[in-house]
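Colleague: Fold the following.
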Amino acid sequence: MPMLERTANYAWIEQVLAGRSYESLDNQQRGAVRTLLRHGSGLSMPQITRLIRRYRQSGHVALPCEARRTFPVKYAAGDVELLVEVDRAHHCLSGPATRRILQREWQVFGKIQFARLAEISVAHLYNLRNSDVYLERMGQVPPLAAGESPTRRQLPLKRTPGWIRVSALHQSNLGAGTVYRISAVDATTQWEVVACAPAIDELSALRVLDTLQQQFPFRLLAFHSPNGGEAVDSKLATLLNQLSASPRNLSRTCSAAPRGEILQRFYDAHLNPYLNYHRPCGFAQIRADDRGLRSRYYSEEDYLTPYEKLRSLAAAQHPLCGGVPWEHLDRIAYAHSDTEAARLMNSAKAALFQQVN
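Modeller: Residues are numbered from 1 along each chain as shown. Below is the predicted model:
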């Protein structure tokens, strides 16, 4: 019940009790007054009993003047606004991944406005996402499209980067011309490179291999396809393994469709740097119980960007390919904060859609 309506209700109850001289009534008359108060106020009989007891003790039914004790508010409306901006830029990542982004904004990039949010727990982050201020500012988030995700075979644990899982998706919404979206993800660091190809054949795979070798900062050891995926994934992985085993001359003509070239420029300049330098991923710890059953466990320290994960493996002496210095990758990683990079990527994506459509 709103506060104004409750105040008016209590004033009416006090007026009825005083006007009928409740203290001087017999039990039958008091029962009639209680029934009148119940139907007139819409309150339950236990509530009416408590209010009558308050009236008999103090002579008033009005609410007490002292303020109720409340918990101190740590995260103000400005913090919720920052969370809304981060979720809009990164498209509402999971709670642990979002928490890692908030920590990096303050600890790595030194943005003072994220100092309080950097200390937030994952549970309270979801509390803020369910608050009225957040829901009003954020609006309705469209749900993910339903679909079956292919089952993947359990691969042996790899501690060396270079084992790449590839998958291909046919882009049917780009009008004229066929374009396949190629996603290549490293099994150890989750470093991801997205490329495009006009077809799944030897010439297109040669172009994709050249893109992967240029953008993966470590040597590529082997390619595999997700189990349960389409046959085109297995064909692509086979072609990449064959071509990487016997390098060909890239001077042979292998041009993508014009719109494929536009997509590839967006992937190279915006999407791939954002995925690898600014989007945290969860790296599971495999634990086995007494019966030998294995389960995945994620701690707070297990959420890193692919570049942070690759950096953590540098102590194990995994050199970068092509003699690329770490300073070069550092300049890319710290040129923009995570949310700034996400905004730049979203702006470039909006411009791309206008150009393509």
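Colleague: Just give me the neighbour total for residue 200.
Modeller: Neighbourhood size, residue 200 [other C-beta atoms under 10 Å]: 19. (C-beta placed from N, C-alpha, C; glycine too.)
Colleague: For it, which three-state class applies?
Modeller: Assigned by DSSP: H, G, I helix; E, B strand; the rest coil, the conformation of residue 200 is coil.
Colleague: mind checking how far it is from residue 244?
Modeller: Distance of residue 200 to residue 244, computed by C-beta to C-beta, to the nearest Å: 16 Å.
Colleague: Please apply the same query to residue 35.
Modeller: Going from residue 35 to residue 244 by C-beta to C-beta gives 87 Å.
Colleague: so what pLDDT did residue 103 get?
Modeller: pLDDT, residue 103: 95.
Colleague: do the same with residue 89
Modeller: For residue 89, the model assigns a pLDDT of 92.
Colleague: I'd like to know which elements the helix or strand containing it is packed against.
Modeller: Using DSSP states H and E, residue 89 sits in helix 77-90. When contacts are defined as 3 or more C-beta pairs under 8 Å, 6 or more residues apart in numbering; DSSP states H and E, helix 77-90 packs onto helix 95-107, helix 122-129, helix 132-138, helix 338-356.
Colleague: Surely residue 102 and residue 120 touch.
Modeller: Yes. With contact defined as C-beta atoms under 8 Å, residue 102 reaches residue 120; the gap is 6.7 Å.
Colleague: When these two are compared, which one has more neighbours?
Modeller: Under the neighbour definition other C-beta under 10 Å, residue 102 and residue 120 were set side by side, and residue 102 has more, 24 against 21.
Colleague: shared neighbours of residue 102 and residue 120, which are they?
Modeller: Listed as contacting both residue 102 and residue 120 by C-beta atoms under 8 Å, 6 or more residues apart in numbering is no residue at all.
Colleague: Output stretch 299-309 as PDB - backbone C-alpha positions only.
Modeller: C-alpha atoms of stretch 299-309 as PDB (Å, rounded to 0.1, in the frame of the first residue of the first chain):
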ATOM      1  CA  SER A 299      36.900 -19.300  -9.500                       C
ATOM      2  CA  GLU A 300      37.100 -15.500  -9.700                       C
ATOM      3  CA  GLU A 301      40.700 -15.800 -10.800                       C
ATOM      4  CA  ASP A 302      39.700 -18.000 -13.800                       C
ATOM      5  CA  TYR A 303      38.200 -15.100 -15.700                       C
ATOM      6  CA  LEU A 304      40.800 -13.500 -18.000                       C
ATOM      7  CA  THR A 305      41.000 -12.000 -21.400                       C
ATOM      8  CA  PRO A 306      42.700 -14.300 -24.000                       C
ATOM      9  CA  TYR A 307      45.700 -11.900 -24.000                       C
ATOM     10  CA  GLU A 308      46.000 -12.100 -20.200                       C
ATOM     11  CA  LYS A 309      45.900 -15.900 -20.400                       C
END
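Colleague: Now do the buried residues in it.
Modeller: Buried residues in stretch 299-309, counted by 16 or more other C-beta atoms under 10 Å: 302-309.
Colleague: All good on my end, thank you.
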